[in-house]
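using only what follows, build the 3D model:
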Amino acid sequence: MAGRIAARLKELGLVLPPAHMPVANYVGWTKAGNEVWVAGVGPTWGQSVRHQGKLGGSASMADGVAAARLTALNLLAQVSQAVEGDLDRIERCLKVFALVNSTPDFQQAQVVANGITDLLQEVFGEPGRPARTAISAPSLPFDITVEADAVFLIRE
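Residues are numbered from 1 along each chain as shown. As a prediction, the model looks like this:
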């Protein structure tokens with residue numbers, strides 16, 4: 001990985017985790033024209049889960065935001081595969097759909113999901129600010145704290 005975005009990641013002290021391998025019958029990403037659709041990822045480092053628990057329960061807001069930031073790095077790890085490591089080919093993040101594992105009374109999924117979109121904007125500037133949906137979920141696979149999928153616009 002070389003280029004402007006790689007330099008920006010380094011400047012921010014961020015390292016992309018190894019791309020998570022699917023744990024069921026799906027692929028990590030797919031391309032359609034000049035869009036890359038990234039499947040749901042969570043706060044993992046490779047196959048190791050780093051953040052578990054429910055917001056409003058065992059996970060604090062700081063835990064949730066940290067989980068969201070790692071989830072954003074995992075979105076980038078997946079799209080990096082699609083662009084053969086050249087993150088400069090990413091024109092913008094078009095859409096993020098974020099799920100926050102939370103108790104029924106937790107009402108700040110949008111604040112947790114800011115961890116994803118804030119990181120994308122830190123890395124890409126305004127093109128990193130996508131349309132976004134953020135909702136609470138009663139449970140997520142492996143009890144992960146956050147899961148998100150995304151669509152990226154890329155240059156061929």
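
can you pull up the most central residue in this protein?
residue 72 (2.6 Å; CA atoms, centre = their mean).

so who does it touch?
115-117, 119-120, 148 (CB atoms under 8 Å, 6 or more residues apart in numbering). Quick note: C-beta positions are derived from backbone N, CA and C, even for glycine.

what's the answer for residue 37, then?
29-31, 149-151.

follow-up on the earlier one: inside helices: which ones of the contacts of residue 72?
115-117, 119-120 (DSSP state H).

what's the first helix or strand after the helix ranked longest in the chain?
Ordering each helix of the chain by length in residues (DSSP H) puts helix 61-82 first. Per DSSP states H and E, the first helix or strand lying C-terminal to helix 61-82 is strand 90-101.

tell me where the model's unsure across this structure.
1-2 (pLDDT under 70).

what comes up buried for the longest helix of the chain?
63-80, 82 (16 or more other CB atoms under 10 Å).

dump the residue contacts of the nearest residue to residue 20 once chain neighbours are set aside.
Excluding its sequence neighbours, the residue lying closest to residue 20 (CB to CB, 6 or more residues apart in numbering) is residue 44, at 5.1 Å. Counting by CB under 8 Å, 6+ apart, residue 44 touches 17, 20, 50, 70, 74, 144.

for the fifth one, which non-adjacent residue is spatially closest?
Spatially, and ignoring its direct neighbours in sequence, residue 74 is nearest to residue 41 (4.0 Å; CB to CB, 6+ apart).

surely the one you found touches residue 146?
No: using CB atoms under 8 Å, residue 41 makes no contact with residue 146, being 9.3 Å away.

any common contacting residues for those two?
Shared contacts of residue 41 and residue 146, counting by CB under 8 Å, 6+ apart, come down to residue 71.

those two: which is more packed in?
residue 146 (34 against 27; other CB atoms under 10 Å).

what are the bridge partners for that one, then?
Following DSSP bridges, residue 146 is listed with bridge partners residue 100.
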